[in-house]
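Asks: After the sequence you'll find the predicted model.
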Amino acid sequence: MNLQLHLMSRIAAVALICLLASVVYVLKDSEAQSKAVAQRTMNSLAKQLEYQLLMINAGYPSTNPFPDLDLWKQTNNTPGICVQYASYDDRTTRSLCNGIDLSAQHWPLSFEKGYRQLFEKGFEWQHPIAFNGHDYGMLTVTTSIEMAIGHAWNNICHLLTLSIITILAVCLLVYLVVSRALRPAQVIVAGLKRMDLGELSYRLPDFKLIEWQQTAAAINHLAENQQLLLSERQKLAVMLMNVQEEDRRYLARELHDELGQCLAAINAVVTSIKRTAVQQYPVLMPEVEQISRFTHSMQESVRNLLTRLRPPELEELGLEASLTSLVSRWNQLGDGKVGYHLHIQGDCTHLQKSLALTIFRVIQEGISNIAKHAMATNADISLLISAEDISLTIQDDGKVDALPFADSPGIGLLGMRERVTALNGKFALAIAQPHGLLINLWLPKN
């Protein structure tokens with residue numbers, strides 16, 4: 001749930017609690033108002049009756065006999081109230097009610113049942129009528145519960161209408177205010193996504209609210225540190241690759257000058273021994289032939305190792321010739337079991353030495369991995385060189401059907417990624433369709 005909906009739900013919950021408390025208060029207040037109306041009616045009618053007694057004792061008899069309740073009936077417009085006058089001598093009893101038209105009432109039946117359970121069924125008040133120390137009778141005022149229910153329902157309807165309008169207005173206001181206040185969060189999230197994609201040079205703008213300012217400043221500082229660390233890491237990776245290539249050249253030179261010369265000398269000695277053995281010691285010929293085979297095998301292994309350590313075509317003929325020779329050699333070694341296909345688009349002659357070497361090493365490692373682990377029958381290597389960047393795709397139809405390689409102990413893919421990252425490139429792995437490994441990399445030319 002986002003912050004806007006969260007705040008509005010909390011506000012609505014608090015508003016409902018307050019509304020419930022208000023409803024309870026309104027019900028109690030409505031009951032009190034109904035009692036107050038009945039008491040005022042009783043006091044007013046008692047004064048009218050006492051006034052009638054005063055006029056009778058003063059010699060101004062009324063046209064209507066005492067007690068005359070017509071005046072109250074004419075002036076009272078509150079429904080649901082009944083009055084009764086009973087003399088103490090039981091000679092005079094007069095009753096009058098102002099009824100309620102129940103057909104005009106529209107409160108829900110459930111509300112009426114609840115109100116009847118919570119409050120009294122009705123109210124009754126009595127007031128003695130006396131004049132000049134003589135008690136005449138008792139005035140009784142009663143109210144019906146329908147009057148209280150109607151009064152309470154009207155008040156609750158007004159309260160609910162006002163509350164709903166207020167809650168909606170507050171929620172709308174909160175939504176607009178929070179939406180405006182949270183706009184920087186969208187900018188921050190978008191900025192973090194760009195940084196996550198490797199665009200560490202992006203910086204968040206300055207915001208008005210101090211909380212967003214502090215957040216943006218912290219993220220920008222973190223991005224600066226990450227950019228600095230990445231730059232230092234890339235420089236270190238380039239240095240390590242240069243040192244590695246220098247070690248490769250040194251090993252290739254030593255193998256060629258030392259071990260290669262020794263094997264050549266051994267081969268010459270074996271040739272001389274073979275001539276002597278043919279003439280004087282034929283029985284030694286099988287051992288001599290075996291030594292000769294071992295020597296040739298060692299020379300071939302050293303030659304292959306020299307090619308891997310320092311491919312002569314890369315320095316003498318360029319990247320395209322080196323890759324063509326590499327793929328051709330692996331096709332020969334595969335003996336038709338795996339077919340390697342190379343596709344090159346663009347000019348390879350003007351690439352920087354570091355780019356050409358990285359591309360060669362990545363393809364070399366990729367083919368080696370396919371030969372060792374993929375169990376593939378076909379592998380496609382596609383190299384696209386444009387004016388701005390370089391794209392390389394290595395795809396096989398091997399057994400791989402899921403990523404990542406959690407159980408793989410090798411470091412070949414890790415080395416490929418490090419080489420590409422050191423040159424500000426991008427390296428990605430995916431599953432080919434229907435199975436096999438797909439390696440994609442991108443390198444900037446500048």
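Replies: Sure, I can see it.
Asks: per-residue confidence at Ile219?
Replies: With respect to pLDDT, Ile219 has a value of 92.
Asks: residues contacting the residue lying closest to it once chain neighbours are set aside?
Replies: Nearest residue to Ile219 in three dimensions, chain neighbours excluded: Leu204, at 5.7 Å (C-beta to C-beta, 6 or more residues apart in numbering). Bear in mind the C-beta positions are built from the backbone N, C-alpha and C, glycine included. Neighbour list for Leu204: 187-188, 191, 216, 219-220 [criterion: C-beta atoms under 8 Å, 6 or more residues apart in numbering].
Asks: Filter these down to the buried ones, ChimeraX style.
Replies: The ChimeraX selection below is limited to those of the contacts of Leu204 classed as buried (16 or more other C-beta atoms under 10 Å):
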select :188,191,216,219,220
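Asks: In a markdown table, list the contacts of Leu204 along with secondary structure and distance to Ala130.
Replies: Listed next are these as a markdown table, based on DSSP: H, G, I helix; E, B strand; the rest coil; distance: C-beta to C-beta, whole Å:
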| residue | secondary structure | distance to Ala130 |
| --- | --- | --- |
| Val187 | helix | 84 |
| Ile188 | helix | 84 |
| Gly191 | helix | 89 |
| Ala216 | helix | 85 |
| Ile219 | helix | 88 |
| Asn220 | helix | 91 |
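Asks: Tabulate the contacts of Leu204 in CSV, adding columns for distance to Glu418.
Replies: Output for these, formatted as CSV (distance: C-beta to C-beta, whole Å):
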residue, distance to Glu418
Val187, 33
Ile188, 31
Gly191, 27
Ala216, 32
Ile219, 27
Asn220, 27
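Asks: any idea which of the contacts of Leu204 is the one closest to Ala374?
Replies: Each of the contacts of Leu204 was scored against Ala374 by C-beta to C-beta, and Gly191 proved nearest at 39.8 Å.
Asks: Mind checking what secondary structure the closest residue to the closest one other than its chain neighbours has?
Replies: Using C-beta to C-beta, 6+ apart and skipping residues adjacent in sequence, the residue nearest Gly191 is Leu204, 4.9 Å away. What DSSP: H, G, I helix; E, B strand; the rest coil gives for Leu204 is coil.
Asks: Give me the local confidence score for Leu204.
Replies: 90.
Asks: out of the contacts of Leu204, what pair is the most spread apart?
Replies: Top of the distance list for those (C-beta to C-beta): Val187 and Asn220, 12.4 Å.
Asks: just to revisit the earlier point, so the residue nearest to Gly191 versus Trp212, what's the distance?
Replies: From Leu204 across to Trp212, the span is 9 Å (C-beta to C-beta, to the nearest Å).
Asks: what residues do those two have in common as contacts?
Replies: With C-beta under 8 Å, 6+ apart as the test, Leu204 and Trp212 both reach Ile188.
Asks: residue ranges of the helices in the chain, please?
Replies: 3-57, 70-75, 109-118, 145-181, 183-196, 210-254, 260-279, 285-309, 312-316, 319-334, 353-369, 412-422 (DSSP state H).
Asks: Can you tell me the number of residues neighbouring Met285?
Replies: Neighbour count for Met285, taken as other C-beta atoms under 10 Å: 13.
Asks: so what's it up against?
Replies: 274, 277-278.
Asks: got a winner among those for most neighbours?
Replies: Ala277 leads the contacts of Met285 on contacts (other C-beta under 10 Å) with 17 neighbours.
Asks: pretty sure that one contacts Val288?
Replies: Yes. Using C-beta atoms under 8 Å, Ala277 is in contact with Val288, at 5.3 Å.
Asks: Now the common contact residues for the two.
Replies: With C-beta under 8 Å, 6+ apart as the test, Ala277 and Val288 reach no residue in common.
Asks: Please name the nearest non-neighbouring residue to Arg419.
Replies: Here the nearest residue to Arg419 in space, its sequence neighbours aside, is Thr358; by C-beta to C-beta, 6+ apart that works out to 5.0 Å.
Asks: Also Arg329?
Replies: Closest to Arg329 by C-beta to C-beta, 6+ apart is Thr307, at 7.6 Å.
Asks: Look at the one you found and say how many residues are nearby.
Replies: 16.
Asks: Also the one 10 residues further on?
Replies: Number of residues near Leu317 (other C-beta under 10 Å) recorded here: 13.
Asks: same thing with Leu441?
Replies: Leu441: 24 neighbours (other C-beta under 10 Å).
Asks: residues touching it, list them.
Replies: Taking C-beta under 8 Å, 6+ apart as the test, what Leu441 contacts is 362, 391-392, 416, 420, 425-428.
Asks: swap the cut-off to 6 Å and go again
Replies: 392, 420, 425, 427 (C-beta atoms under 6 Å, 6 or more residues apart in numbering).
Asks: Likewise for Val238?
Replies: Ala422.
Asks: what do you get if the cut-off is 10 Å, keeping everything else the same?
Replies: 354, 358, 419, 422-423 (C-beta atoms under 10 Å, 6 or more residues apart in numbering).
Asks: Show me the shaky parts of the chain.
Replies: 1-2, 61-62, 71-80, 98-105, 120-123, 312-313, 404-411 (pLDDT under 70).
Asks: go with 50
Replies: Where the chain drops to pLDDT under 50, the residues are 102-103, 406-407, 409.
Asks: Against Asp70, how distant is the residue lying farthest from the centre of it?
Replies: Residue farthest from the centre of the chain, counting by C-alpha atoms, centre = their mean, is Gly59 at 92.8 Å. For Gly59, the distance to Asp70 (C-beta to C-beta) stands at 21 Å.
Asks: next one: stretch 193-201 to chain centre, how far?
Replies: 18 Å (C-alpha atoms, centre = their mean, to the nearest Å).
Asks: what does stretch 195-210 give?
Replies: So, by C-alpha atoms, centre = their mean, the centroid of stretch 195-210 is 19 Å from its chain's centroid.
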